[in-house]
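S.K.: Sequence and predicted model, in that order:
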Amino acid sequence: MIDRAFCIKMAQYNAWQNRQIYRTLDGLDTKDLTRDRGAFFGSILGTLNHLLWGDQMWMARLDGGAAPPGGIAGSPALHPTLSAWNAARFPLDGRIRLWAKSLRNLDLQGDLTWHSGATGRTVTRPRGLCVVHMFNHQTHHRGQVHAMMTAAGIAGAVSDLVFMPEDAGWR
């Protein structure tokens, strides 16, 4: 389904997008970032926090590292400010990049089993599908953030994968 090169490219894209979002939103009032904009996780910051939480959860499943505190319901409140979010986001993006670079194609085969708090049961799915889901989840929620930014009159940065600079996400 996927290979190491796909994971590296998507980890690069993830880091590039998160840096652009931070640069665009840096300096915006916390009140504007936490204003309920009708999205599933409420606000821009709430959605970014949920995405961070989700990435931490998936990485814990994939690399065996620490899982984030709490559950989905509390994820929008993970960090109270954009600076706190960024302080957690930057090392997580590094963790994702290192994980992707350390993969062998064989590591993407077989099944992954975990307890899902969302469903309340143990789930087993193909590992490659779980990795695709993690990267798709990132893109989905960043799209929601982009839509909220646009509605708030904040110009978003380029988000097209095909226009990502070759060295983006590695600096």
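M.R.: Yes, it's here. Numbers count the residues shown, from 1 in each chain.
S.K.: Show me what the strand or helix carrying residue 21 is packed up against.
M.R.: Secondary structure from DSSP states H and E places residue 21 in helix 4-25. Applying 3 or more CB pairs under 8 Å, 6 or more residues apart in numbering; DSSP states H and E, one finds that helix 4-25 contacts helix 44-63, helix 82-102, helix 127-151. Where you see a C-beta, it was placed from the backbone N, CA and C, and this is true even at glycine.
S.K.: Tell me which of these lies nearest to residue 24.
M.R.: If you check each of the helices and strands packed on helix 4-25 against residue 24 by CB to CB, helix 127-151 wins as the nearest, at 7.0 Å.
S.K.: packing partners for that closest one?
M.R.: Helix 127-151 packs on helix 4-25, helix 44-63, strand 111-116, going by 3+ CB pairs under 8 Å, 6+ apart.
S.K.: okay, these in TSV with mean pLDDT next?
M.R.: Putting the helices and strands packed on helix 127-151 into TSV (pLDDT from 0 to 100) gives the following:
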stretch	mean pLDDT
helix 4-25	97
helix 44-63	98
strand 111-116	96
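S.K.: of the ones you listed, which approaches residue 154 most closely?
M.R.: That would be helix 4-25 among those, by CB to CB, at 6.5 Å.
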